[in-house]
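Visitor: model the structure of this input:
(chains A, B, C and D)
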Protein chains: 4
Amino acid sequence: MLSHHEIQIRVRYQETDGQGRLHHANYFTYFEQGQTELLRAAGKSYREVEETGYLLVVAEIGCEYFGAAGVDDVLTLRTVVEKVKGARIHHRYEVFRDGELLARGKSVVACIDRSGKPKRVPEWLLPEGMTK
Amino acid sequence: MLSHHEIQIRVRYQETDGQGRLHHANYFTYFEQGQTELLRAAGKSYREVEETGYLLVVAEIGCEYFGAAGVDDVLTLRTVVEKVKGARIHHRYEVFRDGELLARGKSVVACIDRSGKPKRVPEWLLPEGMTK
Amino acid sequence: MLSHHEIQIRVRYQETDGQGRLHHANYFTYFEQGQTELLRAAGKSYREVEETGYLLVVAEIGCEYFGAAGVDDVLTLRTVVEKVKGARIHHRYEVFRDGELLARGKSVVACIDRSGKPKRVPEWLLPEGMTK
Amino acid sequence: MLSHHEIQIRVRYQETDGQGRLHHANYFTYFEQGQTELLRAAGKSYREVEETGYLLVVAEIGCEYFGAAGVDDVLTLRTVVEKVKGARIHHRYEVFRDGELLARGKSVVACIDRSGKPKRVPEWLLPEGMTK
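Guide: Numbers count the residues shown, from 1 in each chain, chains lettered A, B, ... in the order given. Next comes the predicted model:
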C-alpha cells in the first residue's frame, strides 16, 4: 500500500451550515473518503477488506480547525498512514485550500473480525516498507 | 398498527444549510423517523421487522415545500398510512411549525425479503381496520 | 446555459445505511450536486447566483428508485433542465450504474430574492435556445 | 449557565452505516445537539447567541469510541463545560447506552465576532460559579 495520497473534494451546498461554512463534522466524512481512496490508489477497495473478513472501525478520531471552507471550494485532502501497530492503523489528514491549511486531523482505526475481536493488520494492508 | 402518528423534531444546526434553512433533503430524514415512530407507537420496531425477514425499501418519495424552517425550530411531523396494497405501503407526511404547514410529502415503501423479492405486507404491519 | 450535464459520483461509506445501500435521501444530495455542476459547466457558480441577489430554493422534489447502489459504486448522474417558466426551473435527474437506471428524480426550483419574493429566472440562467 | 446537562437521543436509521452501526462522524452531530441543549437548559438559545453578535465556532474536536450503537438505540449524552478561558469554551461529552460508556469526546469552541476576531466569552455564557 502507499503511505500517503491526495484527493480533491468540492464542498457540497448541503455540507455547509447556517454560518455558510463547511460544517466541522463533515471533515470526518472527507477523512473517511481519504482513507478509502488511499486504499484504492494501492489497488484495494474497502469492499475487498470486508470480503476477506476484516472490518475497520474507528477507535479514535479528532480534528483541529484553522480556517473555514465554503460552498464550491475545492479542497485538497492529504491522507497519511503514520504508523501501523498490532491491530491499529494511525492516519493523519490535512485539508488545504490553495495551499492554506484549513484543518488537520488524525485517527486510529482498529482492525477487527466479524465477532468484534481485534486482528493484526494484515500484511497486504501495510504501506510498502512499513513494518509493524 | 395505528394509521397516523405525530412526533416533534427540533431542527439541528447541522441540518441547516448556507441559507440558514433546514436543507430540503433533511425532510426525508424526518419522514423516515416518522415512519419508525408510527411503528413504535403500535408496539413494533423497525429492527423487529428486519428480524422477521422483511426489509422495507423506499420505492418512491417526494416532498413539496411551502415555507422554510430554521435552526432550533420545533416542528410537528404528522405521518399517515394512506393505503396498503400488496407489497406496498403508501405514507403521507405533513410538517408544521406552530400550525403552519411547511411541507407535505408522500412515499411508497416496498416490502421485500432478503433476496429482494416483493412480499405482501404482513397483517401485523397493517393499520387497524385497514385491509389490503 | 447548457440544458443537460453528466457527472460521476462515487458512493461514500457514510452515505450507505444499515442495509448496506446508498440511503434514499442521499440521492437528493446528488441531485443538488448535479444542478450545481450543470451551472458550472455553463460557466456559472451557485455562489455567483447568490451574489447577484437571487436565491434558488427547492419548491418540490421527488425520486423513484429501481435498484440499489452500494459503497464504492461509481454512479453517473444526468441532470436535465426540462422547462423554465416564470420564476421556476424544472429539472429531471437520472442515476445510472453501468448503464442500468437506478433512480429517476425531478424537482422544481424557485427563484426568489432575499426577501423571499419570486423573481423571473434571469436570462443568463436559461439554457441556450430555451425560452420562458 | 449550567455546567452540565443530559439529553436522550434515539439513533436514526439514516445515521447507521453499512456495518449497521451509528457512523462515527454522527457522534459529532450529537455533541453539537448536546451543546445547544445545555444552552437551552440555561434559558438561552444558540440563535440568541448569534443575534447578540457572537459566533461559536469549533476550533478542535475529537472522540474515542468504546462500543457500537445501532438503529433505534436510545443513547444518553452527557455534555459538560469543563473550562472557559478567554475566548474559548472546553466541553466534554459522554455517550451511554444503559449505563455502558460507548464514546467520550471533547471540544474547544471559540467565541468570535462577525469579522472572525476572537472575543472573550461573555459572562452570561459562563456556567454559574465558573470564572475565566
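Visitor: ok, A:Tyr27 touching A:Ser107?
Guide: No - contact criterion Cβ atoms under 8 Å: A:Tyr27 and A:Ser107 do not qualify, at 11.2 Å. In short, each C-beta sits where N, CA and C put it, glycine included.
Visitor: spell out which residues are contacts of both of these two.
Guide: In the contact map built from Cβ atoms under 8 Å, 6 or more residues apart in numbering or on different chains, the residues linked to both A:Tyr27 and A:Ser107 are A:Tyr93.
Visitor: what does A:Thr79 show for phi and psi?
Guide: For A:Thr79, the backbone dihedrals (degrees, to the nearest 10) come out as phi -110, psi 130.
Visitor: chain B contacts on chain A?
Guide: Contact residues (Cβ under 8 Å from any Cβ of the partner chain) of chain A with chain B: A:13-14, A:16-18, A:20, A:23, A:25, A:70-71.
Visitor: filter those residues down to just the buried residues.
Guide: Neighbour-count burial (16 or more other Cβ atoms under 10 Å in any protein chain shown) is assigned, among the residues of chain A next to chain B, to A:13-14, A:16-18, A:23, A:25, A:71.
Visitor: just these now: which is nearest chain D?
Guide: Looking at these and their distance to chain D, the nearest is A:Ala25, at 3.9 Å (Cβ to the nearest Cβ).
Visitor: residues contacting the closest residue to that closest one other than its chain neighbours?
Guide: Spatial nearest neighbour of A:Ala25, chain neighbours left out: D:Phe28 (3.9 Å); criterion: Cβ to Cβ, 6 or more residues apart in numbering or on different chains. With contact taken as Cβ under 8 Å, 6+ apart, D:Phe28 is in contact with A:24-25, A:28, D:61, D:63, D:105.
Visitor: confirm A:Ala59 sits in a helix?
Guide: No - according to DSSP: H, G, I helix; E, B strand; the rest coil, the state of A:Ala59 is strand, so it is not within a helix.
Visitor: which residues touch it?
Guide: Counting by Cβ under 8 Å, 6+ apart, A:Ala59 makes contact with A:88, A:108-110, D:64-65.
Visitor: repeat the analysis, applying 6 Å as the threshold.
Guide: Under the criterion of Cβ atoms under 6 Å, 6 or more residues apart in numbering or on different chains, the neighbours of A:Ala59 are A:108, A:110, D:65.
Visitor: do A:Thr36 as well
Guide: A:Tyr46.
Visitor: which strand residues bridge A:Arg10?
Guide: According to DSSP bridges, A:Val74 are recorded as the beta-bridge partners of A:Arg10.
Visitor: how many neighbours does it have?
Guide: When neighbours are defined as other Cβ atoms under 10 Å in any protein chain shown, A:Arg10 has 14 of them.
Visitor: roughly how far does it sit from A:Val71?
Guide: Taken as Cβ to Cβ, to the nearest Å, the spacing of A:Arg10 relative to A:Val71 amounts to 9 Å.
Visitor: swap in A:Arg104?
Guide: With Cβ to Cβ as the criterion, A:Arg104 and A:Val71 are 22 Å apart.
Visitor: do A:Val57 as well
Guide: Per Cβ to Cβ, A:Val57 is found 31 Å from A:Val71.
Visitor: for A:Ile9, same thing?
Guide: When Cβ to Cβ is applied, the distance between A:Ile9 and A:Val71 equals 12 Å.
Visitor: pull the residues that contact stretch A:5-19.
Guide: With Cβ under 6 Å, 6+ apart as the criterion, stretch A:5-19 contacts A:22-23, A:26, A:30, A:37-38, A:41, A:69, A:71, A:73-79, B:16-18, B:20, B:23, B:71, C:29, C:32-33.
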